[in-house]
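> sequence and predicted structure, then a few things I'm wondering about:
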Amino acid sequence: MTEPHSSKTVSASVTEMTELVLPNDANPLGNCMGGRVMHWIDICAAVAGGRHAGTPVVTASADQIDFHRPVKVGSVLVLRSSVNYAGKTSMEVGVKVWAEDRASGKRQHVASAYLTFVSLDPSTGSPSPVPHLVPESDEEKRRHEEATARRKARIEARS
């Protein structure tokens with residue numbers, strides 16, 4: 001379990017996974033179903049959140065998932081996630097998804113998402129503290145600021 005006042009960098013949570021889009025993943029048009037992409041996004045984000053928290057994590061919400069272009073059967077999907085913001089027991093994780101051409105290696109951005117995860121104490125199942133997030137690069141700092149604004153908007157929307 002995580003110490004309440006510990007800190008971790010964004011790079012400690014970075015997760016990259018690849019998936020081959022098979023016929024069973026496709027809709028009648030021969031494109032990967034959005035639900036299948038969402039499933040892979042959730043897994044990739046959960047691994048990043050768990051790396052940051054050092055505990056099991058559960059999906060609390062999927063704030064936004066944007067699909068930019070279809071993905072054909074036979075494509076390789078590359079998903080990359082990292083923690084953008086860490087609160088007391090929850091974290092926002094961003095995921096970016098590319099389709100990679102197997103012949104050329106060129107990647108096209110196909111989807112992006114923001115999900116919130118809650119850290120759970122493995123013995124009690126109750127929310128548990130997560131480490132403070134330390135953004136280091138300018139890009140990480142920008143994503144942290146944007147995540148802070150999204151968190152504020154989520155809180156305002158609930159009240």
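Noted; the coordinates are in hand. Predicted model only: the values in this text are computed from it and were never measured. Residues are numbered from 1 along each chain as shown.
> so which helix or strand takes in the most centrally placed residue in the chain?
Centroid check for the chain by CA atoms, centre = their mean gives residue 45 as the closest residue, at 3.0 Å. Using DSSP states H and E, residue 45 falls within helix 34-53.
> need the next SSE after that helix, C-terminal direction.
Counting by DSSP H and E, what follows helix 34-53 is strand 57-67.
> in that next one, what's buried?
Under the neighbour-count criterion of 16 or more other CB atoms under 10 Å, strand 57-67 has 57, 60, 63, 65 buried. (Each C-beta comes from the backbone N, C-alpha and C, glycine too.)
> against which helices or strands is it packed?
Here strand 57-67 touches helix 34-53, strand 90-100, strand 107-119, helix 138-158, going by 3 or more CB pairs under 8 Å, 6 or more residues apart in numbering; DSSP states H and E.
> what do you get if the cut-off is 6 Å, keeping everything else the same?
If contacts are counted by 3 or more CB pairs under 6 Å, 6 or more residues apart in numbering; DSSP states H and E, strand 57-67 sits against helix 34-53, strand 107-119.
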